[in-house]
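# Sequence plus predicted model, see below.
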Amino acid sequence: MGTIQRKRVTMSDVARLADVSKATVSAVINGIGMVKDSTRERVLDAIERLNYRAAPVHTWQVQPTGRKSLGLIIKEVDNPYYAEVVLGARAVAEENGYSLLVASSEGKYESERRAVELLRAKGIDGLIVTPVLHAQSDLSHLFDLQRRNYPYVLIEQVLGVRASIVDVVNEDASRKAVEYLIAQGHTRIVHFAGPTYSMHSQERIAGVRHACSASHLIFTDDHIVRAGAHLADGYRAGLAYFRSCPAESRPTAVTCYNDLLAAGLYRALAELGLRVPDDVSVIGWDDIPLAEYLSVPLTTVRMPKARMGALAAQMLIKHVEAHSVLPPQLVTLESELVLRASVRRLTL
């Protein structure tokens, strides 16, 4: 027997159910014009009840390929962390007959917005987004996806955005890393923080604060070094910070936003004549392949990177193929501290 094809829901169906014109439905979807709140709610309710999905923008440009496809927007193309996320997502996509297209925002929300628009214009069936977040972020493109009932999944939570999410426990893992340093006798600890466009950066700072506040240590903003996410960021921040520190008050341990910062810091410390871990202990984050092959293998927090990508792709495919609107789902994964040679126990 042949497969029964479900009739595609149209804008006219939404207008009929909401008892409004097609122009009103279009205005609600596109966030334009003056529409009463009660009318907007009726339209949005009809969209959800019918599981209507607005056609991609500029559909006249799209050449049908006969193959389903997903998009994945990452934040840093040169970060090996995202390579494993991509590989996990691609494996699941291909198992289910989808291609995976990857774009990078490079930490700029305007680039993220353009990538979302471009991928939708290409007829992509759904999106996985690692969102850019900071005080000036414009999240209108994500709200636009919601209005259009367009399937998407976030890797990292965004407050106020109703979407399915795959994320990791950051604060607790960061706390445990610092507690390990404290247990090894370290009392002068600083944190090389990540970019402001990542909520994970703020959560990892919060974990450091939590660990210190639960001990006898005092942790202030002076103990946070605003570094970034790349090798060069760790190198520059390491040189600047440790050059300014008198030897008697120099930190004995540093936790880093990611392994790339830690690797850059290694080089800076070597140029300053400081040894890891004899003079400074270092903990990274992510457990990228490089971590194990550094001159001093890096103690780091291992992220389930490939699994995050795979789960996000599985979740997205369910939304794409569902005949009705699925409720948002939150999956939170655990990280683990991987002990290597970059942390030294001090004499207590």
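Cool, the structure landed.
# Provide a list of residue ranges in the stretch 101-250 of the chain with pLDDT below threshold.
Counting by pLDDT under 70, the stretch 101-250 of the chain contains low-confidence ranges at 134-138.
# Please, where are all the strands along it?
Counting by DSSP state E, counting those that start in this stretch, the stretch 101-250 of the chain has strands at residues 126-129, 152-155, 164-168, 189-193, 224-226.
# L290: which of these is closest?
Taking C-beta to C-beta as the criterion, strand 189-193 is the member of the strands of the stretch 101-250 of the chain that comes nearest to L290, at 16.4 Å. C-beta: built from backbone N, CA, C; applies to glycine.
# From S174, how far out is L87?
Using C-beta to C-beta, to the nearest Å, L87 is found at 25 Å from S174.
# Please say which of these two ends up with more neighbours.
The neighbour comparison of L87 against S174 (other C-beta atoms under 10 Å) goes to S174, with 28 against 14.
# Give the full set of residues in contact with the more buried one.
Residues in contact with S174 (C-beta atoms under 8 Å, 6 or more residues apart in numbering) are E203, R204, I205, A206, G207, V208, H210, A211, T255, W285, V301.
# 6 Å instead?
When contacts are counted by C-beta atoms under 6 Å, 6 or more residues apart in numbering, S174 is found next to R204, G207, V208.
# do T255 as well
Each residue near T255 by C-beta under 6 Å, 6+ apart is listed here: A177, H191, I283.
# Include distance to A232 when you put the residues you listed into CSV, please.
Listed next are the contacts of T255 as CSV, based on distance: C-beta to C-beta, whole Å:
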residue, distance to A232
A177, 23
H191, 19
I283, 20
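# got the strands of the stretch 101-250 of the chain as a markdown table, with distance to A341 columns?
Converted to a markdown table, the strands of the stretch 101-250 of the chain look like this (distance: least, C-beta to C-beta, whole Å):
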| stretch | distance to A341 |
| --- | --- |
| strand 126-129 | 35 |
| strand 152-155 | 31 |
| strand 164-168 | 25 |
| strand 189-193 | 18 |
| strand 224-226 | 23 |
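# Using TSV, lay out these together with distance to V14 and mean neighbour count.
As requested, the strands of the stretch 101-250 of the chain are arranged in TSV below (distance: least, C-beta to C-beta, whole Å; neighbours: other C-beta atoms under 10 Å):
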stretch	distance to V14	mean neighbour count
strand 126-129	20	26
strand 152-155	20	25
strand 164-168	23	22
strand 189-193	46	24
strand 224-226	47	17
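# Among the contacts of S174, which one lies nearest to L139?
Of all the contacts of S174, the one sitting nearest L139 is R204; the distance, using C-beta to C-beta, is 22.0 Å.
# Can you give me the distance of the closest residue to the closest one other than its chain neighbours to H191?
The shortest distance from R204 to any residue other than its chain neighbours is 4.3 Å, reached at S174 (C-beta to C-beta, 6 or more residues apart in numbering). Counting by C-beta to C-beta, the gap between S174 and H191 amounts to 8 Å.
# Now for these two: what residues contact both?
Counting by C-beta under 6 Å, 6+ apart, the shared contacts of S174 and H191 are V208.
# Could you find the closest non-adjacent residue to R42?
Distances taken as C-beta to C-beta, 6+ apart put A18 closest to R42, at 4.4 Å, once the chain neighbours are dropped.
# Tell me how far that neighbour lies from T24.
Separation of A18 from T24 (C-beta to C-beta): 8 Å.
# And for V254?
57 Å.
# cool, A206 as well?
From A206 over to T24 (counting by C-beta to C-beta), the distance is 44 Å.
# How about L274?
Counting by C-beta to C-beta, the gap from L274 to T24 is 66 Å.
# Please identify which of these two sits among more neighbours.
When neighbours are counted by other C-beta under 10 Å, L274 and T24 differ, and T24 comes out ahead with 20 against 17.
# what mean pLDDT would you report for the helix or strand hosting that one?
For T24, the enclosing helix or strand under DSSP states H and E is helix 22-30. Per-residue pLDDT values across helix 22-30 average out to 65.
# And for stretch 266-273?
Mean per-residue pLDDT for stretch 266-273: 98.
# Just give the nearest non-adjacent residue to H186, would you?
Nearest-residue entry for H186: A253, 4.2 Å, with adjacent residues in sequence omitted and distances by C-beta to C-beta, 6+ apart.
# Much appreciated, bye for now.
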